[in-house]
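1. Predicted model follows, preceded by the sequence.
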Amino acid sequence: MTTWNQVYDPFGNAWLSTLAASLPVIALLGMIASGKVQAHIAAVLSLVLAFCVAVFLFGMPGDLALRASGYGVALGLFPIGWIILNVIFLYRLTVEKGWFATLQQSVAGITTDRRLQLLLVAFAFGAFFEGAGGFGTPVAVTGAILIGLGFSPLAASGLSLIANTAPVAYGALGAPIQGLASVTGYDPYILGAMIGRQLPFFSIIVPFWLIWVFAGFRGMIKIWPPILVCGGSFAAAQFLISNYVNPWIVDIGASLISMAALVAFLKVWQPKEVWTSPALRGNDPSIGYVNGGRPVSLGAAVPGDLPKVDLGGRTATSREIAMAWVPWIILSVIVAIWGTGWFKGLVNPIFTWKYEVPGLHNVIMKVPPVVAKAHPEAAVFAFTYMSYTGTGVLFAAIISGLIMRFSPWRLVTAYIETIWVLRYSLITIAAMLALGVLTRYAGVDATLGLAFAGTGILYPFFGTLLGWLGVALTGSDTASNVLFGGLQKITSEQLGLSGILMASANSSGGVMGKMIDAQSIVVASTATGYFGQEGKILRFVFWHSIVLACLVGGLVMLQAYVHPFSAMVIHP
């Protein structure tokens with residue numbers, strides 16, 4: 001079979017080649033940020049542009065580009081679209097029966113202060129779902145819960161994205177670290193420990209940052225004790241588990257410790273002034289978005305859709321509160337089980353369909369300097385349908401639906417309704433993954449990576465931003481690590497830097513790109529019902545993403561060159 005070698009400098013000029021490689025992502029983010037082009041249309045148009053760049057500028061054969069795009073569509077629907085579909089299905093069921101209104105009341109029973117609710121739900125609870133499931137699960141769940149608690153759509157969307165940063169490197173039971181180990185050859189335990197010497201700083205910073213964005217500096221400083229308890233307990237657990245246990249259970253362990261510490265602290269401490277406004281401090285364009293100011297959410301206030309059920313002003317009983325948590329407890333338990341290696345080892349040999357994409361598998365060659373030695377790119381669609389996190393979520397939704405006494409027929413019709421509500425979001429995610437996979441197989445992403453690799457003494461900073469760029473492009477810290485991990489190792493060794501430091505920096509820097517990747521933004525807009533407003537969400541989180549990524553880069557620079565920070569570095 002004839003192979004095709006990737007070309008990283010088609011113009012013989014690094015600047016022109018880098019500019020050409022950046023066109024699809026600039027177009028995608030530009031259209032979304034403008035707010036004038038709907039997300040699904042922007043995604044499809046950007047995919048068409050990426051196809052043209054790959055074929056006409058980088059010399060990729062057209063049939064390979066088509067196959068890569070189709071492969072990306074499949075990866076977009078499974079597992080990411082599959083997770084979102086089933087999480088929203090469960091959420092809609094709880095809304096229809098009124099159980100979500102009870103859940104809202106129970107969270108308010110812990111604290112009515114919106115700032116503290118954000119810490120509990122967006123940061124700590126979201127970190128649990130990141131650790132157990134990843135791939136969009138935490139933003140979908142926390143966004144839906146926050147909108148149900150009465151937060152404005154922009155606040156629920158943007159703040160869920162900002163909160164879902166520090167835990168991402170250990171998401172889905174350490175999937176990003178496993179991916180990084182697979183392409184660098186480093187021990188995943190060592191990589192996990194090194195990342196655990198970078199991200200705990202930001203596990204403390206991010207909760208403060210989150211509340212500052214929501215309530216302003218004064219609103220944040222008035223509740224600094226619980227913020228420190230929440231972030232500090234998470235950071236301490238993140239460091240200890242990653243360095244002395246293993247990298248697989250970091251998020252689950254740290255999130256449970258953080259939630260317990262925060263709830264215990266709130267039993268002895270409450271703010272003097274309770275912050276009750278659900279809107280962002282300052283101008284919040286999502287207030288009054290639908291129906292005279294009612295926040296919109298899937299199943300909660302979508303015109304012509306499910307009616308919002310409340311408790312008629314009464315206080316829920318202890319039994320009702322306990323039952324309202326049952327679907328989410330079932331979800332947490334099942335997702336945690338689904339993410340374990342033993343469960344995957346049990347079901348994958350039976351319930352897996354592996355499809356080697358014809359005409360694409362092992363046809364494209366990745367070549368130096370991106371890799372040390374030329375090797376073919378595999379293209380195998382492993383349809384592990386039983387072990388997908390989304391399948392676990394579906395089981396949780398069905399079990400919860402039966403407990404809530406939905407008839408089997410109503411579960412079927414509710415599922416069809418959910419598919420219809422999410423149709424544009426699923427198209428968007430499929431097109432965006434197609435774009436990411438196409439640019440990867442065309443070598444376009446590698447061209448951008450090589451531009452960062454040529455920064456010399458500043459490489460620890462820009463190498464960290466390379467991880468940020470990788471996640472922004474692919475939507476996944478795992479994918480970014482697989483894409484750029486080998487390049488980080490090769491470049492750092494050429495510059496006399498620690499390969500483990502820079503490989504880890506790729507993952508640590510990447511977590512800050514999670515909030516601006518187009519897939520996550522679509523997940524957030526879907527979960528909160530903020531349809532067609534993805535541009536506002538992107539504009540809201542964009543600069544936070546860049547500043548936090550630069551702070552990570554600054555830390556890596558200190559680790560590379562300044563004692564005592566350099567003493568934190570693990571060397572191979």
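-> Noted; the coordinates are in hand. Numbers count the residues shown, from 1 in each chain.

2. mind listing the strands for the chain?
-> 4-5, 353-356, 364-366, 375-376, 380-383 (DSSP state E).

3. which stretch among the ones you listed comes nearest residue 195?
-> Of all the strands of the chain, it is strand 364-366 that lies closest to residue 195, at 24.8 Å by CB to CB. C-beta: built from backbone N, CA, C; applies to glycine.

4. what are the pairing partners of the closest one, and which direction each?
-> Using DSSP bridges, the strands paired with strand 364-366 are strand 4-5 (parallel), strand 375-376 (antiparallel).

5. Output these in TSV, with distance to residue 271 appended to each entry.
-> Formatted as TSV, the strands paired with strand 364-366 follow (distance: least, CB to CB, whole Å):
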stretch	distance to residue 271
strand 4-5	61
strand 375-376	57
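
6. just those strands: most buried one?
-> Most buried of the strands paired with strand 364-366 by mean neighbour count (mean count of other CB atoms under 10 Å) is strand 4-5; its value is a mean of 14.

7. Give me the contact list for that strand.
-> Residues from elsewhere that reach strand 4-5 (CB atoms under 8 Å, 6 or more residues apart in numbering): 60, 61, 64, 363, 364, 365, 367, 374.

8. and the strands paired with strand 364-366 as CSV, adding mean pLDDT?
-> Below are the strands paired with strand 364-366 laid out as CSV (pLDDT from 0 to 100):
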stretch, mean pLDDT
strand 4-5, 93
strand 375-376, 89
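
9. Mind checking those for the one nearest to residue 184?
-> strand 375-376 (14.2 Å).

10. chain center to the closest one, what's the gap?
-> Centre-to-centre, strand 375-376 and its host chain are 29 Å apart (CA atoms, centre = their mean, to the nearest Å).

11. Likewise for stretch 340-358?
-> 23 Å.

12. and it, C-alpha only, in CSV?
-> C-alpha atoms of stretch 340-358 as CSV (Å, rounded to 0.1, in the frame of the first residue of the first chain):
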residue,chain,number,x,y,z
THR,A,340,-11.9,1.3,36.2
GLY,A,341,-9.4,-0.8,34.5
TRP,A,342,-10.9,-4.1,35.8
PHE,A,343,-14.4,-3.2,34.4
LYS,A,344,-12.9,-2.3,31.0
GLY,A,345,-10.9,-5.5,31.1
LEU,A,346,-14.1,-7.4,31.8
VAL,A,347,-16.3,-6.1,29.1
ASN,A,348,-14.0,-4.9,26.3
PRO,A,349,-13.0,-8.4,25.1
ILE,A,350,-16.6,-9.2,24.6
PHE,A,351,-18.3,-5.9,23.7
THR,A,352,-15.8,-4.3,21.3
TRP,A,353,-15.9,-3.8,17.6
LYS,A,354,-12.5,-2.7,16.1
TYR,A,355,-12.6,-1.2,12.7
GLU,A,356,-9.4,-0.4,10.8
VAL,A,357,-10.4,2.6,8.6
PRO,A,358,-9.6,1.3,5.1
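
13. what comes up buried for that stretch?
-> Going by neighbour count (16 or more other CB atoms under 10 Å), the buried part of stretch 340-358 is 344, 357.

14. could you give the mean pLDDT of it?
-> In this model, stretch 340-358 carries a mean pLDDT of 88.

15. Kindly report the same for stretch 519-535.
-> 85.

16. One more: stretch 209-219?
-> The average of the pLDDT scores along stretch 209-219 is 95.

17. Pass me the low-pLDDT residue ranges in the chain, would you?
-> Regions of the chain meeting the criterion pLDDT under 70 cover residues 1, 282-283, 286-314.

18. Which among the strands paired with strand 364-366 is found nearest to residue 74?
-> Residue 74 sits nearest to strand 375-376 of all the strands paired with strand 364-366, at 19.8 Å, using CB to CB.
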